[in-house]
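# Curious how this folds, go ahead:
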Amino acid sequence: MQRIITLLLLASLTGAVFFTRSLAGSSAPCHQPVLSVHNAIGWTKDPLNGDDAPFKQIRTEIDAQIAKSKDKTALAQTYKNAALKTPKDAKVQFRWAYAAYLASNHWQVNVRKTHALCGIYAAMGIPENPQSFEYTRLRFFIGRLDSIYSGRKEMNELGIRLLDKASKEDFDLRFFGINALGAIINTKDQKVLHRCLNLTLDLQKDYPQRVEPISMLGDVYSANFTITKEPIAADKAFQYYHQYLSKAPESYHYGRWIVQDKIRILRDVKDNYQKHGELKP
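As a prediction, the model looks like this:
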């Protein structure tokens, strides 16, 4: 585990891996159907001009079912059974994926460890791609939570493309889109970092009750420290990380663990830089 964390940190010194979720603590990989190269990752470059109406309708129906106190996990299992019977039907696969995504509790737990979304990314690649914004948006979310595809350049590029189309009311897409944007920051890209900061501040302003933007602000300043080497940036990151820990419910086990680990990593990097002038753990 320590080796994985160290490798993530070393990568973060040339790119903002503080934005990505740590793979440490994940269990055995989820076994998924084998897809063609296009269906596995090439689809991320497909156009977004397909019909959204049927997928919007499915979201509305499932949201209404859950609002009536339907058990999310049981609902997802019901739709999974249907999807396994008709794997080439995009609407059926979308129904399973959306129900499972809502049931996964991904804001609080490590879904890579629970395998709550196991098989869904691949399943969404079996039908012919409807090239719908709604379908692509959901598959992007599933991909961002999948240890195999989450860090792929193509996935991050798709996230940025979707972010440009995100509505103000779409918290998940804005969050994951900013996360994707942050993942491409390099050691000289202050312009992208500034955009991440403004987008995250807007997200926090629009959703003051959510704690996730607070942690992401810590990520922005952590990345800024690795670029500028200014201690004040690291101090600002610590401020936001500790603010997250003070506000995040205890039920956010995974998120709290990740932020605590980021604090430890950043503290080691800052101390080493102040002592030796090098950005090393």
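
# Pull the contacting residues for Tyr252.
By C-beta atoms under 8 Å, 6 or more residues apart in numbering, the residues touching Tyr252 are Trp107, Gln108, Val211. All C-beta atoms are positioned from the backbone trio N, CA, C, and that covers glycine.

# please redo it, this time with the cut-off set to 6 Å
Shown in contact with Tyr252 (C-beta atoms under 6 Å, 6 or more residues apart in numbering): Gln108.

# swap in Phe55?
Listed by C-beta under 6 Å, 6+ apart, the contact partners of Phe55 are Phe94, Ser132, Glu134, Tyr135.

# go with 8 Å
Taking C-beta under 8 Å, 6+ apart as the test, what Phe55 contacts is Lys91, Phe94, Pro130, Ser132, Glu134, Tyr135, Leu138.

# Around the residue nearest to the fourth one when sequence neighbours are not counted, how many other residues sit close by?
Sequence neighbours aside, Gly50 is the residue nearest to Ser132 in space, at 3.8 Å (criterion: C-beta to C-beta, 6 or more residues apart in numbering). Residues contacting Gly50 under the criterion other C-beta atoms under 10 Å number 18.

# where does Gly50 land in three-state SS?
Look at Gly50: counting by DSSP: H, G, I helix; E, B strand; the rest coil, its state is coil.

# residue contacts, it?
Contact criterion C-beta under 8 Å, 6+ apart gives Asn129, Pro130, Gln131, Ser132, Phe133, Tyr135 as the residues in contact with Gly50.

# Does the fourth one touch Asp46 like I think?
No. With contact defined as C-beta atoms under 8 Å, Ser132 and Asp46 do not form a contacting pair (10.0 Å).

# What pLDDT does the model give the residue nearest to Ser132?
Per-residue pLDDT puts Gly50 at 98.

# mind checking the backbone torsions on it?
Backbone geometry at Gly50, expressed as degrees, to the nearest 10, gives phi -80, psi 170.

# roughly how far apart are it and Glu134?
9 Å (C-beta to C-beta, to the nearest Å).

# Show me how to select, in ChimeraX, the buried members of the contacts of Phe55.
Buried subset of the contacts of Phe55, written as a ChimeraX selection, criterion 16 or more other C-beta atoms under 10 Å:
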select :94,130,132,134,135,138
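
# Out of the contacts of Phe55, which is nearest to Cys118?
When the contacts of Phe55 are compared for distance to Cys118 (C-beta to C-beta), Leu138 comes out closest, at 15.9 Å.

# for the closest one, what are its contacts?
Taking C-beta under 8 Å, 6+ apart as the contact definition, Leu138 lies against Phe55, Phe94, Ala97, Tyr98, Tyr101, Met124.

# Select from these every entry located in helices.
Applying DSSP state H to the contacts of Leu138, the entries found in helices are Phe55, Phe94, Ala97, Tyr98, Tyr101.

# The second one against Tyr135, yeah?
Yes. With contact defined as C-beta under 8 Å, Phe94 and Tyr135 form a contacting pair (5.9 Å).

# Please enumerate the shared neighbours of those two.
The overlap between the contact sets of Phe94 and Tyr135 (C-beta under 8 Å, 6+ apart) consists of Phe55, Met124.

# one step back: can you name the two of the contacts of Leu138 that sit furthest apart?
The largest distance within those, taken as C-beta to C-beta, falls between Phe55 and Tyr101 and amounts to 12.8 Å.
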